[in-house]
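J.: Coordinates for the following, if possible.
(one chain, ligands or ions: 2)
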Amino acid sequence: MKIQAYVADNEQVSLKEVQLKEIDADEIVVKIVGTGLCHTDLNVLHSITPTPMPIVLGHEGAGVVEKVGSGVTEFEVGDHVVVSFNYCGKCVNCLHGVPSACENFFQDNFGLSLETSNSKIVDGEQKIANLFGQSSLATYCVANVRNTVKIEDKEIDLSLLGPLACGIQTGAGTILNKLKPIIHESVVIFGCGSVGLSAVMGAKLANCKTIIAVDVNDERLDLALELGATHVVNGRSEDAVKAIQDITNGGAHYAIESSGVSAVVLQAIRAVRALGTIPVVGASGMLEFHIHDELIPMNKTLVGVVEGQSIPKLFIPELIKYYKEGNFPFDKLIKTYEMDNLDQAIHDMESGKTIKPVILFS
Ligand code: CXF
Ligand code: ZN
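T.: Residues are numbered from 1 along each chain as shown. Ligands and ions are numbered 1, 2, ... in the order given. Sure thing, here's the model as predicted:
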């Protein structure tokens, strides 16, 4: 079938007509309603995260099931769905219930080569790679039974749900699935983008006593207060580590690094107390620090967390339940853009004007 898709190649992305080939037995064609834009899409566009090229971007898709493969029993045409990250379902980590640590995560989400890719996207004879088992910056995408999540309540505005598939579950899941803080504990969140602000909302859901948001943008800090932060620190005008130590009487129990700035990882390490945990969720690069002095005597744990250690088929419906109850207003992070307006959405995300752009498809 013919589709319109945002194809990236040579650091350029453009809306093109391409084709979808016949799907496999476990695959699903989704008519996309709205797809969130994530910094990982831009990292792929600029080959910071290596993938085969050309590739169709988009990994926060939401839409309606258009067609199911011959072996699909979990979904039917007309179902509302969100498409999340891909996983094999067969490796030891998937079998232990941690698909975000799937041993095949990188090949199944980013792809190794066009030759080995299972992508169904082509432009005539030219094969086009698939991102996160979806490539949902397109009018239609091919997902599979593992990474597709059914949304039972068809009354909810489907166009807003795509970001739950990555950025929002990453932030909220880091709190609710990975850290599981207890009521009196304190959490610091470095970076008030979609991931950090979702962590703020997650910390509020977890009833954390102290929730400190750190950013350099006062508007974002105001939003963090609205979403549940008990304290905010502007890292440009204040010494963030000192401010956090003062507020928490010696250091927080947890400090999440979501800003993606390498140097902030060290601030996060210094912001926690003995036995504190520092989950790093923002993709950053090199950092040099004294391992003994910064980590060992204080028994600190520095840990990478992917996708909020979520099981999307369980966690996304849980987040939607909190949203419907009024306790997880993730829609405040979203601004929508028409289908042909990706350049503006990228510009607004990079400038910080928009926290989470969603591209609407029709
Ligand atoms: C990514 C973040 C970097 C590690 C792989 C998963 N999440 C999606 O954007
Ligand atoms: Zn993402």
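J.: Roughly how far does the residue in the stretch 1-150 of the chain that ligand 1 sits nearest to sit from Ala268?
T.: Nearest to ligand 1, among the residues of the stretch 1-150 of the chain, is Thr40, at 3.2 Å (CB to the nearest ligand atom). (C-beta placed from N, C-alpha, C; glycine too.) Applying CB to CB, to the nearest Å, the value for Thr40 to Ala268 is 21 Å.
J.: Tell me which of these two has more neighbours.
T.: A count of neighbours by other CB atoms under 10 Å puts Ala268 above the other of Thr40 and Ala268, at 29 against 21.
J.: list the buried ones in the helix or strand encompassing that one?
T.: Ala268 is part of helix 262-271, with elements assigned from DSSP states H and E. Within helix 262-271, the residues that count as buried by 16 or more other CB atoms under 10 Å are Val264, Val265, Leu266, Gln267, Ala268, Ile269, Arg270, Ala271.
J.: likewise stretch 126-143?
T.: Within stretch 126-143, judged by 16+ other CB under 10 Å, the buried ones are 127-143.
J.: Figure out the length between the terminal residues of it.
T.: Stretch 126-143 has its terminal residues 20 Å apart, counting by CA to CA, to the nearest Å.
J.: as a whole number, average confidence for it?
T.: When pLDDT is averaged over stretch 126-143, the result is 98.
J.: just stretch 260-273 next, same as before
T.: In this model, stretch 260-273 has an average pLDDT of 97.
J.: Give me the contact list for it.
T.: 39, 188, 190-191, 235, 240-241, 244-245, 248, 250-257, 278, 280, 282-287, 289, 294-295, 298, 300, 302 (CB atoms under 8 Å, 6 or more residues apart in numbering).
J.: if we go to 6 Å?
T.: Applying CB atoms under 6 Å, 6 or more residues apart in numbering, the contact partners of stretch 260-273 are 188, 190, 240-241, 244, 250-252, 255, 257, 278, 280, 282-287, 289, 294, 300.
J.: Can you pick out the ones from those residues that are in strands?
T.: Val188, Phe190, Ala252, Ala255, Glu257, Ile278, Val280 (DSSP state E).
J.: I only care about these that end up buried; give me the PyMOL line for that.
T.: A single PyMOL command selects the buried members of those (16+ other CB under 10 Å):
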select buried, resi 188+190+252+255+257+278+280
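J.: Return the member of the ones in strands among the contacts of stretch 260-273 nearest to ligand 1.
T.: Closest approach to ligand 1 among those (CB to the nearest ligand atom): Val280, at 10.1 Å.
J.: which residues are there in the stretch 151-300 of the chain that come within reach of ligand 2?
T.: Residues of the stretch 151-300 of the chain lying close to ligand 2 by CB under 5 Å from the ion are Cys166.
J.: The stretch 151-300 of the chain: helices as residue ranges?
T.: Along the stretch 151-300 of the chain, counting by DSSP state H, counting those that start in this stretch, helices occupy 167-173, 194-205, 218-227, 240-248, 262-271, 291-295.
J.: try the stretch 1-150 of the chain
T.: 39-45, 92-95, 105-109.
J.: quick check: mean pLDDT across the last one?
T.: Put plainly, it is helix 105-109. 97.
J.: for that helix, which positions count as buried?
T.: Buried, per 16+ other CB under 10 Å, within helix 105-109: Phe105, Asp108, Asn109.
J.: quick revisit: figure out which of the helices of the stretch 1-150 of the chain is closest to ligand 2.
T.: helix 39-45 (4.0 Å; CB to the ion).
J.: how about that closest one: buried residues?
T.: His39, Thr40, Asp41, Leu42, Asn43, Val44, Leu45.
J.: again, but for stretch 205-225
T.: Buried residues in stretch 205-225, counted by 16+ other CB under 10 Å: 205-206, 208, 210-216, 220-221, 223-224.
J.: CA atoms of that stretch as PDB?
T.: Extracted in PDB, the C-alpha atoms of stretch 205-225 (Å, rounded to 0.1, in the frame of the first residue of the first chain):
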ATOM      1  CA  LEU A 205       2.000   9.700  42.300                       C
ATOM      2  CA  ALA A 206       4.400   7.800  44.600                       C
ATOM      3  CA  ASN A 207       3.800  10.400  47.300                       C
ATOM      4  CA  CYS A 208       7.400  11.400  47.600                       C
ATOM      5  CA  LYS A 209       7.800  13.900  50.400                       C
ATOM      6  CA  THR A 210      10.400  16.000  48.600                       C
ATOM      7  CA  ILE A 211      10.400  16.400  44.900                       C
ATOM      8  CA  ILE A 212      13.100  18.800  43.600                       C
ATOM      9  CA  ALA A 213      13.100  19.800  39.900                       C
ATOM     10  CA  VAL A 214      16.300  21.400  38.500                       C
ATOM     11  CA  ASP A 215      16.500  23.200  35.100                       C
ATOM     12  CA  VAL A 216      17.800  26.400  33.700                       C
ATOM     13  CA  ASN A 217      14.400  27.600  32.300                       C
ATOM     14  CA  ASP A 218      12.100  29.300  34.800                       C
ATOM     15  CA  GLU A 219       9.000  28.600  32.700                       C
ATOM     16  CA  ARG A 220       9.700  24.800  32.900                       C
ATOM     17  CA  LEU A 221      10.300  25.100  36.600                       C
ATOM     18  CA  ASP A 222       6.900  26.800  37.100                       C
ATOM     19  CA  LEU A 223       5.400  23.900  35.200                       C
ATOM     20  CA  ALA A 224       7.300  21.400  37.400                       C
ATOM     21  CA  LEU A 225       5.700  23.100  40.500                       C
END
